[in-house]
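**Student:** sequence and predicted structure below; questions after.
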Amino acid sequence: MNVLCLDLEGVLIPEIWEVIAEVTAIEELLLTTRDVVDYDELMVHRLSALTQNNVNFSTIREAIEKIEPLDGAVSFLDEMRVRYQLAILSDTFYELALPLMEKLGSPFLLCHRMTIVEDRIVGYRLRQNDPKTEAVRSLQSLNLRVMAAGDSFNDIGMLKQADKGFFFNAPASISDRFPAIETVSTYAELKDGLSKFSD
């Protein structure tokens with residue numbers, strides 16, 4: 001059976017940090033991996049903004065628990081489970097994403113860890129360097145055929161490494177730079193693309 005690796009934010013749920021930015025009214029948190037290529041640079045910026053604005057983790061968790069999957073995401077995943085093994089490969093953190101996993105049917109998730117002390121986010125630990133690409137490569141080393149979809153700069157390696165990769169609703173500022181990667185904008189288009197490759 002084939003494996004389908006999906007990014008989380010922007011593909012199945014809204015961008016978590018954009019929701020946090022809205023709740024906390026911190027404009028600096030609107031930046032995402034669609035805007036900043038260097039993930040460490042982005043996270044340092046985010047943690048600095050949280051510290052400067054005295055935002056605790058409980059406030060962030062309350063905001064996240066109100067997030068709902070994107071329209072059609074749950075039914076899309078339900079259909080995909082019939083044909084693929086599913087893996088969610090994300091550069092988010094378990095502490096942020098786990099409240100949302102049940103809403104998506106509890107798929108397998110690989111992401112990072114935050115360091116939280118006295119209700120404050122004080123740091124983070126990456127699972128490994130270039131984790132999405134390495135996860136796809138590892139699955140392929142088991143003689144599995146891997147397909148993938150994502151929407152951001154941090155998905156490029158995963159999409160290139162996969163046997164078939166798709167940009168899903170990615171901004172033109174990203175997708176236009178990588179014309180070799182097929183672009184789709186809806187779950188119906190993604191399902192169609194996957195079915196053509198799987199047959």
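**Tutor:** Arrived safely. Residues are numbered from 1 along each chain as shown.

**Student:** where in this structure is pLDDT low?
**Tutor:** Using pLDDT under 70 as the threshold, the predicted model of the chain has low-confidence ranges 198-199.

**Student:** that one: strands as residue ranges?
**Tutor:** Across the chain, reading from the start of the chain, the strands by DSSP state E fall at 3-6, 85-93, 109-117, 120-125, 146-150, 164-168, 182-184.

**Student:** given the fifth one, what are its sheet partners and their directions?
**Tutor:** Here strand 146-150 is paired, per DSSP bridges, with strand 3-6 (parallel), strand 164-168 (parallel).

**Student:** chain center to the last one, what's the gap?
**Tutor:** When distances are taken as C-alpha atoms, centre = their mean, to the nearest Å, strand 164-168 is centred 13 Å away from the chain's centroid.

**Student:** so for residue 19, which of the strands of the chain sits nearest?
**Tutor:** strand 85-93 (11.8 Å; C-beta to C-beta). (Each C-beta comes from the backbone N, C-alpha and C, glycine too.)

**Student:** show me the contact partners of the closest one.
**Tutor:** Strand 85-93 is contacted by residues 1-9, 12, 16, 33, 39, 77, 80, 97, 104, 107-114, 124, 131-132, 135-136, 139, 144, 148, 154, 158 when judged by C-beta atoms under 8 Å, 6 or more residues apart in numbering.

**Student:** same check, this time on stretch 20-34
**Tutor:** For stretch 20-34, the surrounding residues in contact (C-beta under 8 Å, 6+ apart) are 9-10, 15, 17-18, 39, 42, 45-46, 49-50, 53, 55, 59-60, 62-64, 91, 151-155, 170-171, 173-174.
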